[in-house]
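Undergrad: Okay, structure incoming, though there's no sequence with it:
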């Protein structure tokens, strides 16, 4: 009954994630006047009359996106909500609802799922979000999670990826690279445990970086700070795939270049020490690590004074003309072409 | 690193799907005034000021919800959108956007995915819906799909499940049972094909029931008919799990009883013939089959004349007092207690 003809086929790896999305979604027109922004930003934007509704969705697969060998289900529940809320904040919006769907194999007990939902509930409480729906079904293997976050934003405050202008200042919140190093550490400890089941890992000293991997937070506080300061970033994205990848999303979509300064990229000293232990360059971990869920945004120079004194925001470079390319200047003053190195799942 | 302590655990099968959802989502409060309706209807309801935003989501797993041995990817793309749109129509709303996420193993080529997306695109065109987002990632096994539909409805036209009243008339659109029989036929042909690979199945005669399974439609036309007739059903649900299961959702949530007449349940003659071939009772196929994506709704007797002359709508019984229970009267006049027999994936 299956089609047996041999056809020339293309491996998805030839296109990469973003090339594949472009290819599959080309030819889809926009038919409704309520659709403001479709594929291509942190969240879809729908005009509901009074303001904009924001929709963001993620699909998480056990063994690909999370490893239950070292991820407590409660943390997984929490993190899976956070990563979606982060997309709403990246549009300068406030999430108010989520739907949460799971498909489970028969190895999951009710009690295990209650742990997962305890994490979801905590995230909902901390971020003021309501669980409003979802789907609960079975899988033939492992745990599958799909989360959709729904938020709103004033029409004049929405912040896209494609609106950075030459002369804008590039800012970033918090610190980057630690979540990636936390993951490396957990993976190493898992290997040790598999080879020597008697050895209990001691992660106490590395609470910070392990916490950044297992229990990230989303930057709701930044959206509130912008509101208080009566300012709107010119462009914004959340750091899920690493600083370099996010810089490329903003510069490519805005049609601009960038100069990113290593000296401006905030890296926690615990992450720096762990990078050195792993023989990794701390800056590379920040640029390519991912899963930091910080906000990377650009501001008009006129707003520089507002941003300069905000807590936990760092100035990391400038938006330049497109012809100047996307550059990275090391602390030693050397200038390199920056490369986008997001996660590659395929 | 995993918790090795033995704890008493509960199998999810002890609770069933709806019991599990109740248990996992209890303790989640509603914090936002924009949240009108959370878990427990076809779609979540969000107040956006001017009207209500509706959100419905589904998670589909290869080998559980679909079998690629007899489901062309284009049909799968189409159907996966339809089932979500159906949930929005079941609230008397109009879907305007979808997000579509996939996780794929490396056995899927770009060309195969283009087939899937051709089906998605056709559904979007036929139903006037925009694709506005999604997630594209990898799976370790098979194809996983998550669809979220976003719609809107006037505040005074929204139709819930829990608002049927004694005296209301139970109506149903189209016909039921055929999709289930289409599935039985496809499964039988697959077995024959696996045992005798040379035998090509001939499904030409059974186009109707196979089509109901592989390429269902959603009842957008009904929502338009209600609008034109200036009437709003008192309660509504779409038939995804079978008539019996949907009747139980409405009666349980509305706190009422029902009398369903076999003589009023529309079954296509092709489905009836196939049921007899399979030694099945046609009425049981209609009651317990599922995947018909028809609308089951109740109307106030004052609107009976409006409904009576609408095309493709059938009167199937009455809502009664709760104390009278949920009954089914056969064509022969015998009265049975009805049993909810939805799909059991667990």
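TA: That came through fine. All values derive from a computational prediction rather than experimental measurement.
Undergrad: Can you tell me the SS state at the residue most central in space within chain A?
TA: What sits nearest the mean C-alpha location of chain A, by C-alpha atoms, centre = their mean, is residue A:240, with 2.3 Å. With DSSP: H, G, I helix; E, B strand; the rest coil as the basis, residue A:240 sits in coil.
Undergrad: you'd agree it is up against residue A:83?
TA: Yes. Residue A:240 is within contact range of residue A:83, at 6.7 Å (criterion: C-beta atoms under 8 Å). From N, CA and C alone the C-beta is placed, and that goes for glycine too.
Undergrad: Could I get the buried residue list for the helix or strand bottoming out on mean pLDDT in chain A?
TA: Within chain A, no helix or strand scores below helix A:16-25, which has a mean of 87 by mean pLDDT, DSSP states H and E. Judged by neighbour count using 16 or more other C-beta atoms under 10 Å in any protein chain shown, the buried positions of helix A:16-25 are A:17, A:18, A:20, A:21, A:23, A:24, A:25.
Undergrad: And the average pLDDT for stretch A:52-71 is what?
TA: Averaged over stretch A:52-71, pLDDT sits at 95.
Undergrad: What residues sit buried inside that stretch?
TA: Residues A:52-62, A:64-66, A:68, A:70-71 are the ones in stretch A:52-71 that count as buried (16+ other C-beta under 10 Å).
Undergrad: likewise stretch A:124-140?
TA: Those would be A:124, A:127, A:129-139, for stretch A:124-140 by 16+ other C-beta under 10 Å.
Undergrad: OK, now which residue of the stretch 151-300 of chain A is nearest to chain B?
TA: residue A:193 (5.4 Å; C-beta to the nearest C-beta).
Undergrad: show me which of the buried residues of stretch A:52-71 neighbour chain B.
TA: A:53, A:55, A:56, A:57, A:58, A:59, A:61, A:64, A:65, A:68, A:70 (C-beta under 8 Å from any C-beta of the partner chain).
Undergrad: Format the residues you listed as TSV; extra columns: secondary structure.
TA: Listed next are these as TSV, based on three-state DSSP:
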residue	secondary structure
A:53	strand
A:55	strand
A:56	strand
A:57	strand
A:58	strand
A:59	strand
A:61	strand
A:64	coil
A:65	coil
A:68	coil
A:70	coil
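Undergrad: just these now: which is nearest residue A:316?
TA: residue A:56 (24.2 Å; C-beta to C-beta).
Undergrad: quick one: residue A:155 and residue A:52 touch, right?
TA: Yes. Under the criterion of C-beta under 8 Å, residue A:155 makes contact with residue A:52 at 5.8 Å.
Undergrad: and stretch A:287-306, average pLDDT?
TA: pLDDT averaged over stretch A:287-306 gives 96.
Undergrad: From the chain's centroid, how far away is that stretch?
TA: 13 Å (C-alpha atoms, centre = their mean, to the nearest Å).
Undergrad: Okay, strands next: where are they in chain A?
TA: Counting by DSSP state E, chain A has these strands, from start to end: A:35-37, A:44-47, A:52-61, A:94-104, A:130-133, A:136-138, A:143-153, A:169-173, A:235-238, A:257-261, A:295-299, A:313-320, A:326-329, A:335-337.
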